[in-house]
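Trainee: Could you work out the structure for the sequence below:
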Amino acid sequence: MLNVAELLDCVKKEERASLTEAESKILLSAYGIPVVEEAIVTEEDDAASQAQKIGFPVVLKGHGARLTHKTERGLVKVNLRSDFEVIQAYRQIKEAAGEDWEGCLIQPLIEGKREFAAGLVRDPQFGPTVMFGLGGVFTEALGDATFRIAPFSETQAEVMLDEIKSSKLLGAFRGEEKADRDALKQTLLGLARLGLEHPEIKEVDINPLIVTPDGKVKAVDALVVLDENADAPIGPALSEEEQEQWIQETRQALHRAFNAESVAVVGATKPNISGFAGMFGCMHLFGFKGRLYPINPKLDEIYGHKAYPNLTALPEKVDLVIVSVPAQVVPGVLRECVATGNKTIHIFTAGFKESGEEEGVRLQKEMKQIAVEGGLRVIGPNCMGFYVPNRRMLTWQKASKKSGPIALISQSGGNAQEITHYATGRYGIGFNKVVSYGNALTVESADFLDYLAGDDETEIITMYLEGLKNGRRFLKLAEETNKKKPILIYKGGLSETGAQAVSSHTGALAGGPKIWHSFFRQTGCVLVESVEELAEVAMAFHYLPETKGPRTAVLGYGGGAGVSVADNCAKLNLALPDFSEDLLGKLREIIPPAGTIIRNPIDAMIAYFDFDVMGKIFKLMAESDEIDNVLMSIPLDWLFNKEEGGGYIETLTRYVAEEGVRHLGCKPFIATWRQYMPSGKIRSWAPVMEKILLDAGIPVYEGMARGINAMAKVTAYYDFHAKNK
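Mentor: As a prediction, this is how the structure comes out:
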């Protein structure tokens, strides 16, 4: 049996950057990957003899530790059908290879019209990541590939096969049998195990991975590349016990911070000429419920609170120290925190690694050393910090005092403010804990996620992410936490331009877009692409019950609108099922035929003016086992003209709020509204309508597209977990 460690050690001792093709296949075979049978020959007569044993036609390739780019160098000869052709090819390869020649590799010609590729890369954030895609000459040209971060389940391997655009080639195709999917899955799972067990392997490339006419899978070419920096650990250089202790202490530190009874602000000031109250003023004016200590040796008091010259002079150790001083002063403050036993710190100050300046980078490195050696948990630098309504804790100027079941972790302080302002102001969503963490000196996104996973107040976790410090830990936490609490992530830097902006913002690596998309497919976390979408989807998760499937019924108006609805649903994998004759018959009994289209979407304007009709439609939808979800569109313009001043809009809305909930409370139900005419009078009714519906627990959106998107995200979340139990 192959000793993989010995093989890799041998290659490293020879100071080679990669394994030979033959060594690569031997290694892959040990991990259950089906490779072509082959032999190394060093004499032309042996080549002819082996060809006869294998059976013509055969392939002959150059073999040697220094032989790369064989095709370009003329070192690959295919479809050899006689001893003469084999010997001629052998001589040509030997001559072309020159001093790099160590022999020839002979293998049967594997015939098949379908070529795929599989591989392993080592992502800087997530570590070993497996690829599957279209192979041969199309690999780079078409980029038809999908990824998964190791480890992953057999279910995920199965899904990978169907994610590529060329997945139809895996079925029976042009007279050839369907591909052996089990062999393909074992190839992907084998690559994952290889990457996890051998960190010295940087890259594996299997191309082509040929599917033969009878459906068998064979790897006919392979390359394994080693990593010269393989000894560098992915995570912190701590023992498992030390890591667990660090995590436990970080949880405790975050609990103290989010539930702080005492807070000191180093660099506290009185309001400046612009009116900004500063960190201390923000906490004071928001009504912080605990004890506030301003630290400023030049002042006697701030907002009626006695000022102290330094942390040493405080009457107690505090739960949280907020630092708002010039960048060059921060290391000294951290040393004082260590000396006084104040272990949880939020650094508002910017001008460190994110600046790209040599001095800023040096300062952050110095701060990191102080913090790690002193056991400090540092949120920041370069961050706005905390917003905890129940504790009246706020480190920016304005926010709602409404609390709720949603938490937000944001690498950007500006986005933290924008998300909370928009979500609360537009949809009445309450947040219980919000934190921005900037450059993530010693506390990063995974630490906050770990804490919120066990937080009883938090039911939904929202995040704005740019980069990660420990992608593998974050992946594991996300997979586990997302089963219990939906995780919604707005990921910055999913484009090349965005990635560059991320680097200049917090000095973080954004990570490859393809790898990040695989993260979402693998964990079931919900990807959103804007502040607005984050709020909209969070509202849907907050109000809707669990969805049982994608089958959606739509009550609306207008044939053109129905076409748009159908298109949007199809794009987002929501099904608009054709109703059965039984259900259509029941709808026809309720809805008069004139001016209506009785199908899905249901175009029945009469229902908006005859509540008896609308109520019966609601009841049918609720009772039907053909429907999982219900969407409704409310036309403000038409309803406004029903009654002078538009009061009928409120009448209809109250009916929907009462009867919709009564009948459809067991099924996910979303209301949307539209306004065609640019009328301020009509639009003035929108907030009234939205408040009534939200108070009744019905998510409401401007435009059907937003409602469909929110419903689709919720449905996809529950569908993922149903399939990945």
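Trainee: what stretches of the stretch 551-700 of the chain score poorly on pLDDT?
Mentor: 558-561, 594-596 (pLDDT under 70).
Trainee: Which parts of it are strands?
Mentor: With DSSP state E, counting those that start in this stretch as the criterion, the stretch 551-700 of the chain has strands at 552-556, 596-597, 602-604, 629-635, 669-674, 700-702.
Trainee: burial of residue 257, as a residue count?
Mentor: Residue 257: 25 surrounding residues under other CB atoms under 10 Å. Every C-beta, even on glycine, is put in place using the N, C-alpha and C of the backbone.
Trainee: most centrally placed residue in the protein?
Mentor: The chain has residue 520 as the residue nearest its centroid, 3.9 Å off, counting by CA atoms, centre = their mean.
Trainee: Any idea what the nearest residue to that one once chain neighbours are set aside is bridged to?
Mentor: Once flanking residues are discounted, residue 520 sits nearest to residue 527: 4.7 Å by CB to CB, 6 or more residues apart in numbering. For residue 527, the beta-bridge partners are residue 489 (DSSP bridges).
Trainee: Going forward, count from 801.
Mentor: OK, 801 is where the count begins now, so the last one is residue 1327.
Trainee: would TSV of the strands of the stretch 1351-1500 of the chain with mean neighbour count be doable?
Mentor: Conversion of these to TSV gives the following (neighbours: other CB atoms under 10 Å):
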stretch	mean neighbour count
strand 1352-1356	24
strand 1396-1397	17
strand 1402-1404	21
strand 1429-1435	24
strand 1469-1474	24
strand 1500-1502	22
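Trainee: Show the contacting residues for the residue nearest to the centre of the chain.
Mentor: 1289, 1326, 1327 (CB atoms under 8 Å, 6 or more residues apart in numbering).
Trainee: Kindly recompute the last result at 10 Å.
Mentor: 1278, 1287, 1289, 1291, 1326, 1327, 1520 (CB atoms under 10 Å, 6 or more residues apart in numbering).
Trainee: and if you look at residue 1182?
Mentor: Contact analysis of residue 1182 by CB under 10 Å, 6+ apart lists 1127, 1147-1155, 1160, 1164, 1211-1213, 1236-1241, 1305-1307.
Trainee: Could you do residue 934 as well?
Mentor: With CB under 10 Å, 6+ apart, residue 934 has these contacts: 914-917, 941-945, 964-967, 969, 1007-1008.
Trainee: what separates it from residue 919, distance-wise?
Mentor: Using CB to CB, to the nearest Å, residue 934 is found at 12 Å from residue 919.
Trainee: Quickly list what's touching both of these two.
Mentor: 945, 1007.
Trainee: The strands of the stretch 1351-1500 of the chain: which one's closest to residue 1197?
Mentor: strand 1500-1502 (27.9 Å; CB to CB).
Trainee: How far does that closest one sit from its chain's centre?
Mentor: 25 Å (CA atoms, centre = their mean, to the nearest Å).
Trainee: Parallel or antiparallel, list what pairs with it.
Mentor: strand 1469-1474 (parallel).
Trainee: and the angle from the strand it pairs with to strand 1352-1356?
Mentor: Between strand 1469-1474 and strand 1352-1356, the angle comes out at 40 degrees (axes from the mean of the first three to the mean of the last three CA atoms, to 10 degrees).
Trainee: after the helix or strand of the chain at the bottom of the mean pLDDT ranking comes which helix or strand?
Mentor: Least confident element among the helices and strands of the chain, by mean pLDDT, DSSP states H and E: helix 1296-1306 (a mean of 52). Next in sequence after helix 1296-1306, counting helices and strands by DSSP states H and E, comes helix 1313-1323.
Trainee: average pLDDT across that following helix?
Mentor: Here helix 1313-1323 scores 93 as its mean pLDDT.
Trainee: Give the buried residues for it.
Mentor: Buried residues in helix 1313-1323, defined by neighbour count with 16 or more other CB atoms under 10 Å: 1314, 1315, 1316, 1317, 1318, 1319, 1320, 1321, 1322, 1323.
Trainee: for stretch 1450-1457, same thing?
Mentor: 1452, 1453, 1455, 1456, 1457.
Trainee: Tell me how far that stretch lies from the chain's centre.
Mentor: Worked out by CA atoms, centre = their mean, stretch 1450-1457 lies 38 Å from the chain centre.
Trainee: before we move on, what about stretch 1467-1478?
Mentor: So, by CA atoms, centre = their mean, the centroid of stretch 1467-1478 is 29 Å from its chain's centroid.
Trainee: Same question for stretch 990-1000.
Mentor: For stretch 990-1000 - counting by CA atoms, centre = their mean - the centre lies 23 Å from the chain centre.
Trainee: again, but for stretch 1142-1150
Mentor: 28 Å.
Trainee: go on, stretch 1490-1507?
Mentor: Using CA atoms, centre = their mean, the offset of stretch 1490-1507 from its chain centre is 26 Å.
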